[in-house]
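# pasting a predicted model and its sequence here:
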Amino acid sequence: MTENMKVLVYSNDYPESGLSILREHFTVVQNRHPDFEAENVTETNKELLELIPGSSALVWMSPNPIQTELLIAAGPQLKMVATCSAGYNNCNIMELKTRGIKLSDAANVVSSIVSEVAVALIFEAAKRFAVHLRPYRRVDWEIGPEQPGQEISGSTVGIVGLGSIGQATIKRLSGFEVEKFYYTGPREKPEASNFNAQFTSLDHLLKRSDFIVFSARLTSETYRMINNQNIKKMKRTAVLIIVSHGDLDDLDILILH
């Protein structure tokens with residue numbers, strides 16, 4: 001009976017709607033903390049190690065890595081880890097494979113909303129809405145010509161990482177008469193033909209694109225991909241949109257530019 005199977009949910013603020021579904025089928029336990037906060041990281045780790053023995057599944061809500069120590073403490077009946085994120089860089093894939101533990105993520109759950117945010121950011125940056133609204137908020141605007149900003153129509157859009165978010169972004173931009181879509185990644189994607197997106201190198205994409213959307217997973221290859229060297233390859237007028245993991249960019253370098 002699945003009711004006798006124990007599921008450990010990491011985070012005390014997991015949505016109640018999800019917990020109620022889990023409780024219908026499993027015995028659910030939770031730790032007391034919402035995340036690994038600096039002041040209670042030791043207590044949190046200790047509590048997780050105490051709670052996980054006998055668990056058949058682990059629901060992970062933290063960007064922090066799952067420690068091997070935790071998997072050892074769980075015991076051999078741990079067969080499933082579900083991470084509540086689109087990426088899985090916080091999971092030791094090789095360790096999970098070695099132990100025969102399956103992994104699931106929430107890759108397709110956030111595709112729609114994140115792609116809509118990407119498109120909204122493109123339009124905000126291109127048309128400089130925030131800048132134009134400042135005088136109106138101060139109620140001291142003057143009537144006169146305003147800069148129209150960059151055109152989406154006729155532009156070239158580059159997508160770094162044509163996963164579910166990258167594809168959803170292209171779908172939403174397709175109605176705005178974008179002239180060309182480029183994408184790059186580890187390999188060509190057959191789905192790209194549905195969007196008339198052309199596979200190319202990162203260098204070519206950076207040099208030719210007017211708008212660049214980074215939606216790639218965080219891996220050893222993409223870590224700090226947005227660096228000084230790559231930024232210098234972009235057009236001076238290029239708009240850079242990052243909707244993936246923060247560790248893809250070097251924040252200090254972005255501030256300097």
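On my side now, so go ahead.

# let's verify the residue nearest to L206 when sequence neighbours are not counted: helix, strand, or coil?
Leaving aside its chain neighbours, L206 sits nearest to K233 (4.2 Å; criterion: C-beta to C-beta, 6 or more residues apart in numbering). No exception for glycine: its C-beta is placed from N, CA and C like everyone else's. State at K233, reduced to three classes by DSSP: H, G, I helix; E, B strand; the rest coil: coil.

# ok, K233 touching H204?
No: using C-beta atoms under 8 Å as the test, K233 is too far from H204 to be in contact (9.3 Å).

# tell me how many other residues crowd Y223.
For Y223, the neighbour count with other C-beta atoms under 10 Å is 14.

# that one: which element?
Counting by DSSP states H and E, there is no helix or strand that carries Y223.

# the residue most central in space within the chain: helix or strand, and which one exactly?
The chain has S244 as the residue nearest its centroid, 3.6 Å off, counting by C-alpha atoms, centre = their mean. In the assignment (DSSP H and E), S244 maps to no helix and no strand.

# touching, it and V213? I think so.
No: with contact defined as C-beta under 8 Å, S244 does not count as touching V213 (9.0 Å).

# ok, back up a step: so what pLDDT did the residue nearest to L206 get?
For K233, the pLDDT comes out at 92.

# and it, how far is that from N227?
In this view, K233 and N227 are 10 Å apart by C-beta to C-beta, to the nearest Å.

# please enumerate the shared neighbours of the two.
The contact sets of K233 and N227 do not overlap (C-beta atoms under 8 Å, 6 or more residues apart in numbering).

# sort out which residues of the longest helix belonging to the chain are buried, please.
Using DSSP state H to define each element, the chain has its longest helix at helix 111-127. Buried residues in helix 111-127, defined by neighbour count with 16 or more other C-beta atoms under 10 Å: 111, 114-115, 118-119, 121-123, 125-127.

# can you add distance to E16 and pLDDT and give the residues you listed back as a markdown table?
Below are those laid out as a markdown table (distance: C-beta to C-beta, whole Å; pLDDT from 0 to 100):
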| residue | distance to E16 | pLDDT |
| --- | --- | --- |
| S111 | 24 | 87 |
| V114 | 24 | 91 |
| S115 | 27 | 94 |
| A118 | 30 | 95 |
| V119 | 31 | 95 |
| L121 | 31 | 94 |
| I122 | 35 | 95 |
| F123 | 35 | 93 |
| A125 | 37 | 90 |
| A126 | 40 | 90 |
| K127 | 40 | 86 |
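
# TSV for those residues, including distance to T184?
Shown next, in TSV, are the buried residues of helix 111-127 (distance: C-beta to C-beta, whole Å):
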residue	distance to T184
S111	19
V114	19
S115	18
A118	16
V119	19
L121	20
I122	18
F123	23
A125	21
A126	22
K127	26
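
# grab the nearest non-local neighbour of the residue nearest to the centre of the chain.
That would be S215: by C-beta to C-beta, 6+ apart, it lies 5.1 Å from S244.

# how close does the one you found get to S193?
19 Å.

# quick one: which of those two has more around it?
More neighbours surround S215 than the other of S215 and S193, with 28 against 10 (other C-beta under 10 Å).

# what's the pLDDT at the more buried one?
87.

# my guess is it contacts M225. True?
No: between S215 and M225 there is no contact under C-beta under 8 Å: 11.9 Å.

# so what sits against both of those two?
Residues touching both S215 and M225 (C-beta under 8 Å, 6+ apart) are V160.

# what segments of the protein are helices?
Assigned by DSSP H, the chain shows helices spanning 16-25, 41-51, 68-74, 93-98, 111-127, 129-138, 164-173, 202-208, 228-231, 251-256.

# tell me which of these is the most buried.
Ranked by mean neighbour count, the helices of the chain are led by helix 164-173 with a mean of 23 (mean count of other C-beta atoms under 10 Å).
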